[in-house]
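Participant: Below: sequence and its predicted model.
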Amino acid sequence: MPAYAAKRLLSVFPVLFGLSVIVFLVMSMIPGDPATAILGAYATPENVERINRDLGLDKPLVQQYVIWIGNVLQGDFGRSFALNRPVLDEVLERFQATLVLAGVSLVLCAVIGLLAGVVSAVRQFGWADKVITFVVLAGISMPSFWLGLILILLFAVKWRLLPASGMYAIYGGGDFKDLLLHLILPATTLAVVAAGVIARLTRAAMLEVLRQDFVRTARAKGLPERQVIYRHAFRAAVVSVIPVIGIQAGFVLGGAVYIETVFQWPGIGAMLVNAISTRDILLVQGGVLVVAASYVLFNLAADMLQTMLDPRIRS
């Protein structure tokens with residue numbers, strides 16, 4: 001197991017290197033001049049040239065990348081000109097809020113998806129299977145930002161049951177209960193599509209396992225049906241679903257960009273939208289790199305968990 005873990009961990013570094021190259025190249029292709037965006041009304045040719053020289057934007061693209069990645073490897077992501085603070089400090093501060101939202105959404109979609117998939121498989125072709133299939137297909141088909149707006153309209157505007165935006169109440173609040181109330185709408189919106197994907201794949205995996213000989217043997221021994229389903233069949237089926245949950249973790253992190261904008265959640269997604277609009281290149285590069293690296297690490301953790309549950313994967 002340690003050798004396999006070391007091998008998988010080493011494979012992460014080329015991926016992170018490729019991500020850094022892609023992030024840097026994409027940002028370099030965004031139209032507009034960062035120096036002009038920084039200077040605004042003071043963007044004279046002399047000032048623009050000076051800013052480009054100070055930021056190193058007058059150097060060849062390859063040299064710019066080498067300087068940037070060298071600083072990143074030393075923990076220096078640069079300084080945000082719009083916020084006038086270190087990029088890493090801002091990204092880590094915002095990423096905490098994103099992790100809260102993404103973590104709750106991931107747990108929510110995993111629990112709901114696994115449970116719905118098991119029930120749908122056990123009650124195949126029954127009314128429960130049909131209802132779950134309809135709800136899952138409807139959830140997958142709906143754009144998350146549209147669903148978020150509908151939930152705000154119903155639960156915040158019309159019925160006034162839940163807050164519509166923010167992480168805490170502007171006046172008062174600030175405790176754990178206040179956080180939970182503000183989490184319900186964005187976390188539910190973010191979890192719907194991922195839960196639908198997990199439910200469909202869990203159903204397929206459970207149906208395949210339920211046809212296996214060991215399940216028939218367990219039933220022939222007279223074991224209770226609940227024990228056959230959850231102790232034997234589910235444990236075998238969940239191994240093939242874990243990588244999907246890891247992939248959905250990436251979807252949840254990526255979806256947080258526009259969901260945070262819809263719900264005004266003070267996370268890294270909202271930060272990236274503002275940084276792109278102000279052409280704050282270093283802040284965008286730092287934010288995207290942290291999100292992409294987190295996605296890779298989530299998938300690595302899912303692979304390791306799958307290997308622990310099914311040691312045959314190591315071979």
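Facilitator: Structure's in. What do you need? Numbering: from 1, shown residues only.

Participant: List the buried residues in stretch 227-246.
Facilitator: Buried residues in stretch 227-246, defined by neighbour count with 16 or more other CB atoms under 10 Å: 228-229, 232-234, 236-242, 244-246. From N, CA and C alone the C-beta is placed, and that goes for glycine too.

Participant: who's in contact with stretch 132-146?
Facilitator: Among residues not part of stretch 132-146, those counted as contacts by CB atoms under 8 Å, 6 or more residues apart in numbering are 116, 119-120, 189-190, 192-193, 195-197, 199-200, 255, 258-259, 262.

Participant: Show me the two of the buried residues of stretch 227-246 that sit farthest apart.
Facilitator: Largest separation among these by CB to CB: V228 and G246, giving 27.6 Å.

Participant: ok, the residue nearest the centre of the chain to A293 distance?
Facilitator: Among the residues of the chain, the one closest to the centroid is L253, at 1.6 Å (CA atoms, centre = their mean). Here L253 is placed at a distance of 10 Å from A293 (CB to CB, to the nearest Å).

Participant: What of L161?
Facilitator: Counting by CB to CB, the gap from L161 to A293 is 37 Å.

Participant: try K158
Facilitator: Applying CB to CB, the value for K158 to A293 is 41 Å.

Participant: Of the two, which one has the most company?
Facilitator: Taking other CB atoms under 10 Å, K158 and A293 do not tie; A293 has more neighbours (15 against 9).

Participant: Which strand or helix spans the more buried one?
Facilitator: When elements are assigned from DSSP states H and E, A293 belongs to helix 281-309.

Participant: same question for that helix, mean pLDDT?
Facilitator: In this model, helix 281-309 has an average pLDDT of 86.

Participant: got it, and stretch 251-258?
Facilitator: Per-residue scores along stretch 251-258 average to 84.

Participant: Go ahead and name everything in contact with that stretch.
Facilitator: By CB under 8 Å, 6+ apart, the residues outside stretch 251-258 that reach it are 98, 101-102, 105-106, 109, 144-145, 190-191, 193-194, 265, 267-269, 272-273, 291, 294-295, 298.

Participant: Return the alpha-carbon coordinates of that stretch using CSV.
Facilitator: In CSV, the C-alpha atoms belonging to stretch 251-258 read as follows (Å, rounded to 0.1, in the frame of the first residue of the first chain):
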residue,chain,number,x,y,z
PHE,A,251,-17.7,19.3,-10.4
VAL,A,252,-18.8,20.8,-7.1
LEU,A,253,-15.6,22.9,-6.9
GLY,A,254,-16.1,24.1,-10.4
GLY,A,255,-19.8,24.8,-10.0
ALA,A,256,-19.0,26.9,-6.9
VAL,A,257,-17.8,29.6,-9.3
TYR,A,258,-21.2,30.6,-10.6
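
Participant: quick one: buried residues of that stretch?
Facilitator: Those would be F251, V252, L253, G255, A256, V257, Y258, for stretch 251-258 by 16+ other CB under 10 Å.

Participant: related to what we said a few turns ago, just to be sure, which of the contacts of stretch 251-258 are found in helices?
Facilitator: In this view, those that belong to helices under DSSP state H are 98, 101-102, 105-106, 109, 144-145, 190-191, 193-194, 268-269, 272-273, 291, 294-295, 298.

Participant: Low-confidence ranges, this structure, go.
Facilitator: Scanning the chain for pLDDT under 70 picks out the ranges 1, 311-315.

Participant: Okay, strands next: where are they in it?
Facilitator: 79-80, 85-86 (DSSP state E).

Participant: G56: which of those strands is closest?
Facilitator: For G56, the closest of the strands of the chain is strand 79-80, at 12.6 Å, according to CB to CB.

Participant: who does the closest one touch, helix- and strand-wise?
Facilitator: Strand 79-80 sits against strand 85-86, helix 87-122, helix 281-309, with contacts defined as 3 or more CB pairs under 8 Å, 6 or more residues apart in numbering; DSSP states H and E.

Participant: Output these as a markdown table; include the columns distance to E49.
Facilitator: Below are those laid out as a markdown table (distance: least, CB to CB, whole Å):
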| stretch | distance to E49 |
| --- | --- |
| strand 85-86 | 26 |
| helix 87-122 | 24 |
| helix 281-309 | 17 |
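
Participant: List the residues that contact the closest residue in space to Q212 that isn't next to it in sequence.
Facilitator: Distances taken as CB to CB, 6 or more residues apart in numbering place A236 nearest to Q212, at 7.4 Å, with adjacent residues excluded. By CB under 8 Å, 6+ apart, A236 lies in contact with V209, Q212, F214.
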